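Engineer: output the structure for:
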Amino acid sequence: MRLCTYFAAESDSGTEVVFAGYGEVVIEEHAPLVLGNSAAIVTGRHREVAEAGARMLREIGWHGVAMIDAKYDHRDGQVKFFEINPRLGRNHFYLTAAGINPARFYVNEFLGPQYDAFDVRRQPAVVLQDGMAQLREERLFTVLPHALLRRYLDTPTGRKAAALLKAGKVSNPLKYRAEKNPRRKLYLLLNAVNHVRKYRKFPPRTA
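Structural biologist: Numbers count the residues shown, from 1 in each chain. Have a look, this model is predicted:
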């Protein structure tokens, strides 16, 4: 699975796609209640995918956030789009992990720059490519305990994740160093145990 997240603004000429985020899913959840949710994502950029999605959004006059789900087709080596969602998904912390908080698009666009004068093209976490801001570096987003995740890294994307784990370039939205409450630490421990039990019962396929 591939995640392609865009933000398109209105302009005098129609639709201006100002941001194109890209992530490769390492592993998905297979428990019935969370089936299909991404449990680990490697961020990065893919020039052809970014431009293909932007071209489609410009053609249909899209405005706002667009999350495009895509699949990598092993038969011809192409990434193929199959769905557009007009909102952020559960795991869009993958963008925050790479340095871009997607909530700021909403604040700036719909509340106004007086609340957040956010210009994604001026952020240090992006590079400008084909007129769009795109993520500068690869980083691993995951909600899984690292020991559990390492069991499922036997794919090309998984090997990228393994290298990022080794380099310490990993983010988990549940972990916050400033939070010292023992009850919070207990919750994180139980959350990790629950993931291990869940994956034992519903073993995933790597993506």
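Engineer: can you list the buried residues in the longest strand anywhere in the chain?
Structural biologist: Ordering each strand of the chain by length in residues (DSSP state E) puts strand 14-28 first. Residues 15-28 are the ones in strand 14-28 that count as buried (16 or more other Cβ atoms under 10 Å). For the C-beta atoms, the positions are set from N, CA and C on the backbone; glycine is no exception.
Engineer: from those residues, which is closest to residue 45?
Structural biologist: Minimum distance to residue 45 across the buried residues of strand 14-28 is 5.2 Å, recorded for residue 22 (Cβ to Cβ).
Engineer: out of the buried residues of strand 14-28, the closest to residue 133 would be?
Structural biologist: residue 19 (4.8 Å).
Engineer: if we ignore the residues flanking it in sequence, what's nearest that closest one?
Structural biologist: residue 7 (4.3 Å; Cβ to Cβ, 6 or more residues apart in numbering).
Engineer: how would you label that neighbour: helix, strand or coil?
Structural biologist: strand (DSSP: H, G, I helix; E, B strand; the rest coil).
Engineer: do residue 115 as well
Structural biologist: Residue 115 is classified as coil under three-state DSSP.
Engineer: hang on, it packs against residue 107?
Structural biologist: Yes: between residue 115 and residue 107 there is a contact at 5.4 Å, judged by Cβ atoms under 8 Å.
Engineer: can you get me a residue count around residue 49?
Structural biologist: Applying other Cβ atoms under 10 Å, we find 19 residues neighbouring residue 49.
Engineer: CA atoms only: put the strand or helix carrying it into PDB for me.
Structural biologist: Following DSSP states H and E, one finds residue 49 within helix 47-60. Extracted in PDB, the C-alpha atoms of helix 47-60 (Å, rounded to 0.1, in the frame of the first residue of the first chain):
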ATOM      1  CA  ARG A  47       8.300  12.300  -8.100                       C
ATOM      2  CA  GLU A  48       6.100  10.400 -10.600                       C
ATOM      3  CA  VAL A  49       3.400   9.600  -8.100                       C
ATOM      4  CA  ALA A  50       3.400  13.200  -6.800                       C
ATOM      5  CA  GLU A  51       3.000  14.600 -10.300                       C
ATOM      6  CA  ALA A  52       0.400  12.100 -11.400                       C
ATOM      7  CA  GLY A  53      -1.800  12.800  -8.400                       C
ATOM      8  CA  ALA A  54      -1.400  16.500  -8.700                       C
ATOM      9  CA  ARG A  55      -2.400  16.400 -12.400                       C
ATOM     10  CA  MET A  56      -5.500  14.400 -11.600                       C
ATOM     11  CA  LEU A  57      -6.500  16.900  -8.800                       C
ATOM     12  CA  ARG A  58      -6.000  19.900 -11.100                       C
ATOM     13  CA  GLU A  59      -8.100  18.200 -13.800                       C
ATOM     14  CA  ILE A  60     -11.100  17.700 -11.400                       C
END
